[in-house]
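> Let's see this in three dimensions:
(chains A and B)
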Amino acid sequence: MTRSFLRLIIGISALLLFQTLLSSCSQGGKSGEEDRIGREYNVTEIKGEEIAVLTPPPFVPPPITRNYATKVIVELEVIEHEMELADGVSYMFWTFGGTVPGSFIRIREGDFVEFHLKNHPDNKLPHNIDLHAVTGQGGGAEASFVAPGYEATFNFTALNPGLYVYHCATAPVGMHIANGMYGLILVEPKEGLPKVDKEFYVMQGDFYTTGNYGESGLQPFDMNKAIREQADYVVFNGRVGALTGNNVLKAKTGETVRLFVGNGGPNLVSSFHVIGEVFDNVYMEGGRLKNHDIQTTLIPAGGSAITEFKVEVPGNFILVDHSIFRAFNKGALGILAVEGEENDRIFSHKTEPYTYIPETRIARAEPAGGTTEPAPELSMEEQLILGKKLYEVNCAACHLPDGKGVAGIFPPLAASDYMSGNPDKAIAAVVNGLSGEIKVNGVNYNNVMPKQTLTDTETAAVLNFIYATMNKSETRVTATQVRKIRK
Amino acid sequence: MSIVYRILFSSALLVAAFNLRAQTPAGMAMIPEGNYLPLYAGNNRTSVAPFYIDKHPVTNGEFLKFLESEPGWKKSAVKRLFADEGYLKHWVSDGMYRSAEKNSPVVNISWFAAKKYCECQGKRLPTTAEWERVAEAGWTVADGSREPGFNEWILAMASKPAPRSLPAVGTTKANYYGVWDMHGLVWEWTLDFNSIMSTGESRAATGSGDGLFCAGGSATSGDVSNYAAFLRYALRSSLKAGHVLQNLGFRCAADKK
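Down below sits the predicted model:
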């Protein structure tokens, strides 16, 4: 009896042990694969053939549903053409597929790729492609080197899964990359990526132009600035405003979002951050290591990251390079606009601002307003151009790019009865700040607007821009008027 | 006394100048013996014997005249081995270019056709060394890298979209030697376009042409910031002799006897 009981116990224990061994074995097998050195196991039987769907930014081709490796034909065209780098600023971009960044390519781990690189006959220069996903000479650079009007072909097996940068590697390499020749190729892991509601393609790049930021006209590449790594523009998806205004990324509350983020460089490393969100998951450097609860992820030039998060509350979530002058002065700014129900438990707007009366006074030097030199007055044409830029940088974040504001929080500047009232009040709000209760278009606001660090001339320009474009108003203010109102 | 000497001396100079001019063929410039810095030669300047070079690239008008005596090189007749499809594709027909482009550089021309043209003129294509020696010259000095704004100007030209219709030759700027359009109009064939190894001994030590890709070129280059030269070397090395490009023309050179 006791002996048989003992035997039973031993038997059960053995069974349990065996099971434990089995399960740890299968777990070990999975994690073991990625720890192995060498990926020849991905050279497997190829079934069938398909043509890769390529998408321009910010779009991403659909997830791969195949559970086998196939032959994928990629046809990518190099196009040199003039596009806008910012409003009124054009640049001769060299592109993969006509866009900056180039077309997004999505394949599966183990796929056998037949890559066609076509150099459009109208182009001036030879080009090639180095795909970081490729194991082989130059990532395909020498094999794909091709003169204008010709096409080069090469083949490779995608041995490693991950999100990889591709770029042109023709001499002078820096110039080809600086002109926009980069993009992303996703080699989806065999098991696929978890399903999400929205996927977007965002890629940062730095640009070097003869003129400074915002100088209009066709701006040639400035080699000396590029060598000194002094970028005039740092942008997402090839231009200032590629992800703002009418081009914002859109999602609804409760949706899960995946951003495939690359950095083409050529020089700068990105401190990628989304204002008002925390990345639930980050596939670090675009590889298999998943980190959690990340505020800012570092993306090297020629590198990538995949970030995943759920948008729990509505609002405009701002994509920035948190090397922050790049965001506010060089263009590295995009918007993920989330619509849907508020969730006050997660975030509530409704905290009433109240007056804060400090106990001590901070000693300050008097502002340099005491100057007697007259403020320079610009022509109205100049003011509207300057005003538009200043608006985007200083006003649009709260009052929104179209000036419509957010009811109850940020008052409208467009078609606004506050703006059609006494212009001295508008000037005062900009240069002296404004707090306390006001009524605009019949809606009450009780918020704080800090005074803006704009010169008299700049203040006049931005107000005149708002009057002329958002209010169809004849009202105009001068820098001299601004000077008088400034405290 | 000194006046006599001065007169004698200046007339001798005049005679010398006259002789020099008399020897230089029409439409060509004489490039004296000298040296230049090949892109892949470290810091070794390479000497180049004196030669003549066309002041302008060959035009559509000039090339049509050549076809009258060499009909085998017409669009309809050329052997595919000697020129890819697209040869002279900017011409409206076998024997006609758009009239506005008479004085524009002829493009969509293979190396074989360019070489034949020069030979029929009693000339030849310039070597890469000769071409680069002329291209090194600025507007007012023999070494363009010493001329403020010169390299920037070349790069700015590369940053401009290619025009729908090429302008006439002689519309950019003449350089120190009185040669036009070396930069900013079209790329040009050279006799040894596909053998960059011949331009400098140090190439031999670095192996094959892969120096043009990625960082290799920079490691051996005598002037890592000469982006304009990198563009030209890259273009040449992407070519095969039958290639025809919308932005690739040529000019001829000749030995100085």
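> can you give me the helices in the stretch 101-250 of chain B?
B:111-120, B:128-135, B:150-158, B:202-206, B:216-220, B:227-237 (DSSP state H, counting those that start in this stretch).
> For stretch B:161-181, C-alpha coordinates in CSV please.
Extracted in CSV, the C-alpha atoms of stretch B:161-181 (Å, rounded to 0.1, in the frame of the first residue of the first chain):
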residue,chain,number,x,y,z
PRO,B,161,16.7,70.1,-62.1
ALA,B,162,17.8,69.0,-65.6
PRO,B,163,16.2,71.4,-68.1
ARG,B,164,13.6,69.9,-70.5
SER,B,165,15.7,71.3,-73.4
LEU,B,166,19.4,71.8,-73.0
PRO,B,167,20.8,75.3,-73.5
ALA,B,168,23.4,76.1,-76.2
VAL,B,169,27.0,75.4,-75.6
GLY,B,170,29.0,78.5,-74.5
THR,B,171,26.3,79.7,-72.1
THR,B,172,27.8,78.7,-68.8
LYS,B,173,31.2,80.3,-68.1
ALA,B,174,34.6,80.0,-69.7
ASN,B,175,37.4,78.8,-67.5
TYR,B,176,41.0,79.9,-67.0
TYR,B,177,42.1,78.3,-70.3
GLY,B,178,39.2,79.7,-72.3
VAL,B,179,37.3,76.4,-72.3
TRP,B,180,33.6,76.5,-71.8
ASP,B,181,31.0,74.3,-70.2
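> any bit of it sitting next to chain A?
Yes. Using CB under 8 Å from any CB of the partner chain, stretch B:161-181 comes into contact with chain A via B:161-162. (Glycine included, C-beta is placed from N, CA and C.)
> List the buried residues in that stretch.
For stretch B:161-181, the neighbour count (16 or more other CB atoms under 10 Å in any protein chain shown) marks B:162, B:166-169, B:174-177, B:179-181 as buried.
> which ones are touching residue 185?
Defaulting to chain A. Counting by CB atoms under 8 Å, 6 or more residues apart in numbering or on different chains, A:I185 touches A:104-107, A:131-133, A:163-166.
> look at chain B instead
B:L185 neighbours (CB under 8 Å, 6+ apart): B:57, B:105, B:166-167, B:169, B:171-172, B:249.
> same deal with A:V462?
Neighbouring residues of A:V462 by CB under 8 Å, 6+ apart: A:386-387, A:390-391, A:394-395, A:430, A:454.
> the helices in chain A, which residues?
Taking DSSP state H, the helices of chain A run over residues A:2-35, A:141-144, A:173-178, A:223-228, A:325-329, A:380-394, A:396-399, A:417-420, A:423-432, A:456-465, A:479-485.
> could you dump those to TSV with mean pLDDT?
Output for the helices of chain A, formatted as TSV (pLDDT from 0 to 100):
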stretch	mean pLDDT
helix A:2-35	55
helix A:141-144	92
helix A:173-178	95
helix A:223-228	93
helix A:325-329	92
helix A:380-394	89
helix A:396-399	85
helix A:417-420	91
helix A:423-432	92
helix A:456-465	93
helix A:479-485	91
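> Which among these is found nearest to B:G34?
helix A:223-228 (26.4 Å; CB to CB).
> Mind picking the lowest-pLDDT entry from the contacts of B:L185?
The member of these with the lowest pLDDT is B:T172, and it reads 84.
> ok, that one to A:F59 distance?
B:T172 sits 42 Å away from A:F59, taking CB to CB, to the nearest Å as the criterion.
> And for the residue in the stretch 151-257 of chain B that chain A sits nearest to, nearest residue in space, chain neighbours not counted?
Nearest to chain A, among the residues of the stretch 151-257 of chain B, is B:S238, at 3.3 Å (CB to the nearest CB). Leaving aside its sequence neighbours, B:S238 sits nearest to A:P126 (CB to CB, 6 or more residues apart in numbering or on different chains; 3.3 Å).
> So A:P161 sits against A:G192, correct?
No. Look at A:P161 against A:G192 with CB atoms under 8 Å: they stay out of range, at 10.1 Å.
> how does chain A divide into domains?
A:42-189, A:199-339, A:376-485 (automatic domain parsing).
> need the ones you listed in a markdown table with distance to B:S76, can you?
Below are the domains of chain A laid out as a markdown table (distance: least, CB to CB, whole Å):
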| stretch | distance to B:S76 |
| --- | --- |
| domain A:42-189 | 20 |
| domain A:199-339 | 40 |
| domain A:376-485 | 54 |
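> where in chain B is pLDDT low?
B:1-22, B:40-43, B:196-225 (pLDDT under 70).
> what's the closest of the contacts of A:I185 to A:E49?
A:I107 (12.7 Å).
> Now A:E49. Nearest residue, chain neighbours left out?
With CB to CB, 6+ apart, the residue lying closest to A:E49 is A:K71, at 4.4 Å.
> now swap in A:L54 and tell me
A:S103 (3.7 Å).
> Could you list the low-pLDDT ranges of the stretch 251-400 of chain A?
The low-confidence ranges in the stretch 251-400 of chain A, as defined by pLDDT under 70, are A:350-372.
> Residue in it with the shortest distance to chain B?
A:G302 (11.5 Å).
> Same question for the stretch 201-350 of chain A.
Closest point on the stretch 201-350 of chain A to chain B, by CB to the nearest CB, is A:P220, at 3.8 Å.
> How about the residues of chain A by chain B?
Residues of chain A lying near chain B (CB under 8 Å from any CB): A:80-82, A:91-92, A:121-126, A:128, A:130, A:137-138, A:141-142, A:145-150, A:169-173, A:175, A:179, A:210, A:218, A:220-224, A:227.
> hmm, which of these are the buried ones?
So, by 16+ other CB under 10 Å, the buried ones in the residues of chain A next to chain B are A:80, A:91-92, A:121, A:123-126, A:128, A:130, A:138, A:141-142, A:145-150, A:169-173, A:175, A:179, A:210, A:218, A:220-223.
> how close does the residue nearest to A:E49 get to A:F156?
11 Å.
> what about those two, which has more around it?
A:F156 (18 against 15; other CB atoms under 10 Å in any protein chain shown).
> burial measure for the closest residue to that one other than its chain neighbours, as a count.
Excluding the flanking residues, the one nearest A:F156 by CB to CB, 6+ apart is A:V134, at 4.8 Å. Neighbourhood size, A:V134 [other CB under 10 Å]: 27.
> could you measure A:V134 against A:Y164, distance?
With CB to CB as the criterion, A:V134 and A:Y164 are 8 Å apart.
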